[in-house]
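>>> here is the input, now give the coordinates:
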Amino acid sequence: MKRDRNVKIVATLGPASNDYDMIRALHEAGADVFRLNMSHGDHSEIAQRHAWIRQIEVDLGRPIAILADLQGPKLRCGVFDNDEGYDLEVGAAFRFDLDDAPGDQTRVQLPHTEIFEALEPGATLLVNDGKIRVKVLDNGKDFANCEVLAGGRISNRKGVNVPDVVLPLAALSDKDRKDLEFVCELGVDWLALSFVQRREDVEEARDLAKGRAAILSKIEKPAAVANFDEILDASDGIMVARGDLGVELPVQNVPPIQKRLVRKCRNVAKPVIVATQMLESMIESPMPTRAEVSDVAAAIYEGADAVMLSAESAAGDFPIEAVTTMNNVAVEVENDPTYRNIIEASRGGEKETVADAIVSAAREIAETTNIKVICCFSESGSTAALTARERPNVPILALTSRQATARRLCLTWGCHCVKVGAVGRFKEAVVNAVRAATEEKLADTTDLIVVTAGVPFGQSGSTNILRIAPCDERLIYASELE
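Below is the predicted model of the structure:
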């Protein structure tokens, strides 16, 4: 199953996509990666979805990536003395404190001492996804007296965001640590880490994962944007979570931030997902808005590795239509001549190593000769990722003997992943590449392919050889007769 596009599609599973047939239909419609949202569903439900995906993988003979998205700490206010809550008017005084008595028109509990410890006068608190905005006038270790800047209805256990300060909270709650261990033992490929504020948050998750899954940091807080370079260095991939960023930052700041983060990820050859509210109207409608289509297209023009569906595929009325729409938009954009112009103009990244030079040469050869596919042997996935950073105009056939690598690369731009047997000599690698290219219908016997690999085999990051080979079955037969 070769996609007619390079950008990957991540689809979230949930009540609307909760059986083998639906998940398979989503994959066949275009989903390359399935997201398991640990905020919803118990461990038995998550395990069942995981089992269905792995069965589909076997039945269709294609690697599929599974991304487990950890919930992160949830900051919420307490309850009120009525079920409806209260309307807060602009200019009114309102107090948050640690008192567990039911709230009223003037105050409510905020059971998070960490927030009060970090607050300073002038800081902003956002309630109910930013619909209510208050400014801290004065505060202590157990209270914050505020003025309402943007009013609205506040009610039981609404979420609270604190955009102006770095909170002394770990990105992993006790629930997250249990979920992390569960999904790592289950066998997911990627861990999405919520509430990241600094490099140490990523390092804690990596220590707990022990190499069983790659770490993808969600950028959803202003502190993560400010510390992005360090977070990127510590992460295996990035998710630009525009929904939460748009709550904690002025909405007009989000598009340029998205572009900067995508560009930085591309430069260091780490996959980046653009996520949240991409086809939001398709939760209830079989057709997206024109603005949503333009939003998806913009992320693809930027060169993002993947675009993501959330509630559209997890809880919406039209999950297959949402994936199909995203797939169709991607195909159309990538067939636009302007797309290649933009991608080539934005190609970056420092070329400092032999591997950098090899993959750059492979791309240049493919673009100046009649090469049909770039075949790269990659045990860890680094060679394939470097090749994808080049954004070549021919397919990337990522060949690996490790199933885990084949699955993780399903998130990387342009990579068509195939698991092959281990090889000991470069000639074997060429033979396997020829066989895979023809079997996957990426080339035929009259075509040329580029093969890259690292010798000796089995050493991560050792890419040091490139060969242009005829895609001729006689090469396979000659090798098999030796």
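>>> the domain parsing of this protein - what is it?
Domain assignment for the chain by automatic domain parsing gives 8-73+170-335, 86-161, 354-481.
>>> what's the closest of these to Lys2?
Ranking the domains of the chain by proximity to Lys2 (CB to CB) places domain 354-481 first, at 5.8 Å. C-beta coordinates here come from the backbone N, C-alpha and C atoms, glycine included.
>>> average pLDDT across the closest one?
Mean pLDDT, domain 354-481: 89.
>>> and what of stretch 36-44?
Across stretch 36-44, pLDDT averages out at 94.
>>> how about that stretch: buried residues?
36-38, 40-41 (16 or more other CB atoms under 10 Å).
>>> reformat the domains of the chain as TSV; add distance to Lys2.
Converted to TSV, the domains of the chain look like this (distance: least, CB to CB, whole Å):
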stretch	distance to Lys2
domain 8-73+170-335	10
domain 86-161	40
domain 354-481	6
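>>> now, which of the buried residues of stretch 36-44 sits nearest Glu120?
Using CB to CB, those come closest to Glu120 at Met38, 32.7 Å.
>>> return the residues in contact with that closest one.
Residues in contact with Met38 (CB atoms under 8 Å, 6 or more residues apart in numbering) are 46, 68-71, 176, 179, 183.
>>> now with 6 Å?
By CB atoms under 6 Å, 6 or more residues apart in numbering, the residues touching Met38 are 69-71, 179.
>>> may I ask which of these has the most neighbours?
When neighbours are counted by other CB atoms under 10 Å, Asp69 leads the contacts of Met38 with 28 neighbours.
>>> for Ser194, give me the pLDDT.
Predicted confidence (pLDDT) for Ser194: 95.
>>> nearest to Phe80, out of the domains of the chain?
Distance to Phe80, taken as CB to CB, is lowest for domain 86-161 among the domains of the chain, at 4.4 Å.
>>> Gln387: neighbouring residues, count only.
You called it Gln, but residue 387 is Thr. 32.
>>> phi and psi next, for it.
Per-residue torsions, Thr387: phi -60, psi -40 (degrees, to the nearest 10).
>>> quickly note the distance from Ser235 to Ala214.
For Ser235, the distance to Ala214 equals 9 Å [CB to CB, to the nearest Å].
>>> is it fair to say Ala421 lies in a helix?
If you look again at residue 421, you'll see it is Gly, not Ala. No. Counting by DSSP: H, G, I helix; E, B strand; the rest coil, Gly421 falls outside a helix, being coil.
>>> can you count the residues close to it?
8.
>>> what about Leu279, neighbour count?
Neighbours of Leu279 under the rule other CB under 10 Å: 29.
>>> I'd say it and Pro288 touch.
Yes. Assessed by CB atoms under 6 Å, Leu279 is found in contact with Pro288 at 4.8 Å.
>>> list residues touching both of Ser235 and Ala214?
With CB under 6 Å, 6+ apart as the test, Ser235 and Ala214 reach no residue in common.
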